[in-house]
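Peer 1: predicted model, plus sequence, below.
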Amino acid sequence: MRNRLIPRILLSACCLLPTLLSTPALAGGEVNIYSARKEDLIKPLLDDFSKQTGIAVNLVTGKEEALLQRLQSEGANTPADVLLTSDAGRLAAAQRAGVLQAVKSPALTAKVPVSYRDLAGYWYGLSVRARPVIYARDRVKPADLSTYEALADPKWKGKVCVRSSDSVYNQSLVAGMIAHHGEAKTEAWAKGLVANFARPPKGGDRDQIKAVAAGECDLTLANTYYLGGMVNSSDEAEKQTAAKVAVFWPDAKTTGVHVNVSGAGVTAHARHRDEAVKLLEFLASDSAQRWYAETNNEYPVNPAIPPSATLKAWGEFKADTLNVAKLGELNAAAVQVMDRAGWK
Ligand code: FE
C-alpha cells in the first residue's frame with residue numbers, strides 16, 4: 001500500500017498560479033517539476049521519493065515545447081527546479097536555450113552510462129527507449145531484414161508505414177543516421193524510404209503497429225514501449241493486434257539500434273537545487289529504474305538492472321552508443337533532410 005505521508009500538490013499546466021507554488025515548505029523541503037511525461041508514468045515514483053525523503057513534489061505536466069517556452073519566458077522567476085522530458089533532443093534544446101544548469105553527481109555518473117547523459121551534467125537520461133523495426137509475422141521473414149538503411153530497398157515498395165516527420169522520435173532517428181552516415185547518404189535513404197510508404201504518414205506509434213497488424217503495410221518503426229503496452233493490455237483486441245507483429249533489432253552488426261532517452265535536468269534558476277539533484281539521483285536509483293522497467297515497458301538506463309519480462313521476450317539487442325546529445329545537435333539538419341525527401 002502506498003501511504004502518502006507528505007501532502008503533495010498536483011498542478012496542471014492550465015492552472016499554475018504563483019500563489020500555489022508558494023506552498024509552505026515542509027520539513028524535508030520541496031521541489032517543483034515541469035514534466036512532459038504522462039502523469040501516471042511518473043507520479044508513483046514521485047510519491048515514493050516524497051515518502052523516502054520528506055521532500056514535497058509539485059508537478060506541472062505539459063507539452064515539451066510549451067514547457068520549454070515557459071521556462072524561457074519565466075527566466076529567473078521560474079518556480080521550476082527540474083525539467084523532465086521524453087526525448088534527448090528536447091533536453092539538448094533546453095540546454096542550448098540556457099534554462100538548465102550543470103550538475104555534478106557521482107551517484108548519477110555511476111548509474112547513467114556516458115552515451116545517455118550530457119557530459120557536462122546539464123541533463124541525464126533516466127530511461128531508454130528503443131526504436132526497432134516492427135513487422136508482420138505472417139508476411140515478413142526476419143531473415144529479409146537487416147538495417148535501417150535496407151528499409152529503403154525497392155523490395156519494400158508500398159510496404160512501409162511510418163508516422164510523420166513532425167514526430168521527434170523520427171527526427172531523432174534521422175539525426176542518428178546523419179551522425180553515422182552523413183547528410184547526403186541519409187537524404188538518399190530518406191527518399192528511398194518515402195518511395196516505399198504504403199500510405200501518407202499519419203497517426204502515432206501505436207497506429208503504425210495497428211496498421212501492420214491490419215495488413216495496411218508489412219513493417220514500421222516504433223518505440224517498443226507502445227508494443228509493450230499492447231502486449232499487456234486489458235483489451236483483448238489490442239493483445240491480439242500485438243500478437244500479429246514481432247520486433248526486429250536492426251543494425252546488429254553495424255551501428256546498433258536507434259535509442260533515445262527520457263531524462264531530466266536541473267533548471268538554471270532552481271531555488272531548490274539540492275532537492276532537485278536528490279530527485280534526479282532517486283530517479284536513477286536501482287528501485288526507480290526497476291519500476292521503469294516493470295511499469296513503463298522502457299529499458300532501464302542502468303544496464304545492471306534487468307528489463308521486464310515483456311522486454312526480455314523480444315531478446316537482447318545492441319544499442320547505438322552514439323551520445324544521445326548528438327540527436328539534439330543534428331535535429332535541425334534531420335528536419336531539413338526529411339523535408340527535402342518529401343517525408344510529410
Ligand atoms: Fe512516446
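Peer 2: Looks like it came in fine.

Peer 1: what stretches of this structure score poorly on pLDDT?
Peer 2: For the chain, the stretches with pLDDT under 70 are 1-27.

Peer 1: domain map for it?
Peer 2: Here the domain parsing of the chain from automatic domain parsing is 11-128+260-307, 130-257+330-341.

Peer 1: could I get those as CSV with distance to Val324?
Peer 2: Using the backbone N, CA and C atoms, a C-beta is placed for each residue, glycine as well. Shown next, in CSV, are the domains of the chain (distance: least, Cβ to Cβ, whole Å):
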stretch, distance to Val324
domain 11-128+260-307, 4
domain 130-257+330-341, 8
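
Peer 1: quick one, which of the ones you listed gets closest to Lys318.
Peer 2: Across those, Lys318 has its closest neighbour in domain 130-257+330-341 (4.2 Å, Cβ to Cβ).

Peer 1: and Trp314, which of the domains of the chain is closest to it?
Peer 2: Using Cβ to Cβ, the nearest of the domains of the chain to Trp314 is domain 130-257+330-341, at 4.4 Å.

Peer 1: and that closest one, how far apart are its ends?
Peer 2: 24 Å (Cα to Cα, to the nearest Å).

Peer 1: next one: stretch 321-333
Peer 2: End to end - Cα to Cα - stretch 321-333 spans 20 Å.

Peer 1: so after the strand or helix carrying Arg70, what's the next helix or strand?
Peer 2: Assigned by DSSP states H and E, Arg70 belongs to helix 64-74. Using DSSP H and E, the helix or strand that follows helix 64-74 towards the C-terminus is strand 82-85.

Peer 1: dump that next one to CSV, keeping only the CA atoms.
Peer 2: Only the C-alpha atoms of strand 82-85 are listed here, as CSV (Å, rounded to 0.1, in the frame of the first residue of the first chain):
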residue,chain,number,x,y,z
VAL,A,82,13.6,20.3,-12.7
LEU,A,83,12.6,19.8,-16.3
LEU,A,84,11.6,16.2,-17.3
THR,A,85,11.2,15.3,-21.0
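
Peer 1: so what does it touch, helix or strand wise?
Peer 2: strand 30-35, helix 64-74, helix 88-96, strand 259-267, helix 273-283 (3 or more Cβ pairs under 8 Å, 6 or more residues apart in numbering; DSSP states H and E).

Peer 1: mind giving me TSV with those and columns for mean neighbour count and distance to Trp189?
Peer 2: Output for the helices and strands packed on strand 82-85, formatted as TSV (neighbours: other Cβ atoms under 10 Å; distance: least, Cβ to Cβ, whole Å):
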stretch	mean neighbour count	distance to Trp189
strand 30-35	26	34
helix 64-74	16	27
helix 88-96	24	19
strand 259-267	27	19
helix 273-283	21	35
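
Peer 1: my guess is Arg90 meets Ala36, correct?
Peer 2: Yes - counting by Cβ atoms under 8 Å, Arg90 does reach Ala36; the two are 7.1 Å apart.

Peer 1: overlap of the contact sets of these two?
Peer 2: Glu64 (Cβ atoms under 8 Å, 6 or more residues apart in numbering).

Peer 1: show me what contacts Arg199?
Peer 2: So Arg199 contacts Cys161, Ala211, Glu216, Cys217 (Cβ under 8 Å, 6+ apart).

Peer 1: so of the residues you listed, which ones are in strands?
Peer 2: Using DSSP state E, the members of the contacts of Arg199 that fall in strands are Cys161.

Peer 1: just send the contacts of Arg199 back as a markdown table, with distance to Ala242 and neighbour count too.
Peer 2: Formatted as a markdown table, the contacts of Arg199 follow (distance: Cβ to Cβ, whole Å; neighbours: other Cβ atoms under 10 Å):
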| residue | distance to Ala242 | neighbour count |
| --- | --- | --- |
| Cys161 | 16 | 26 |
| Ala211 | 13 | 20 |
| Glu216 | 16 | 16 |
| Cys217 | 16 | 23 |
